[in-house]
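> Sequence and predicted model, in that order:
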Amino acid sequence: MFFVYILEATDSKRFYIGQTENLQGRVKRHNEGRNLSTRAYIPWRLKWWKKYETRAEAIKVERKLKSIKKRAGLEKFVRVNSFSGCGAVG
């Protein structure tokens with residue numbers, strides 16, 4: 001099982017999009033500063049996620065999400081594609 005996830009920095013409200021096989025461990029590593037691209041914006045909270053059967057599926061969705069440049073577009077994609085999460089959408 002693979003996950004596509006969206007983190008939100010609690011202070012700056014920036015989003016980070018990624019994919020992983022171990023969702024809890026990955027979020028923990030982001031908050032420990034073990035990822036160079038997210039270290040400056042700690043702490044992060046898991047906002048949305050969705051499970052996929054294969055890494056190939058997860059990577060395809062991750063790339064699609066990363067191509068969306070506006071917050072409203074990202075939130076619409078999450079809502080339309082039934083992501084789970086803590087973040088209220090729509």
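In hand now; what should we look at?
> so residue 6 sits in a helix?
No: read with DSSP: H, G, I helix; E, B strand; the rest coil, residue 6 is strand and lies in no helix.
> Give me the mean pLDDT for the longest helix anywhere in the chain.
Longest helix in the chain, counting residues (DSSP state H): helix 55-67. Helix 55-67 comes out with an average pLDDT of 96.
> helices and strands around the following helix or strand past that helix, which ones?
The helix or strand immediately downstream of helix 55-67 is helix 71-80, counting by DSSP states H and E. Applying 3 or more Cβ pairs under 8 Å, 6 or more residues apart in numbering; DSSP states H and E, one finds that helix 71-80 makes contact with helix 55-67. C-beta here means a position set from N, CA and C on the backbone, and glycine is covered the same way.
> Give the buried residues for the helix it packs on.
Burial within helix 55-67, assessed by neighbour count using 16 or more other Cβ atoms under 10 Å, is assigned to 58, 61-62, 65.
> who touches residue 26 in this structure?
Contacts for residue 26 were tallied using Cβ atoms under 8 Å, 6 or more residues apart in numbering; they are 3, 5, 18, 20.
> I figured residue 68 hits residue 80, correct?
No: the pair residue 68 and residue 80 does not pass the contact test of Cβ atoms under 8 Å, sitting 11.7 Å apart.
> Please compute how far stretch 55-71 lies from its chain's middle.
9 Å (Cα atoms, centre = their mean, to the nearest Å).
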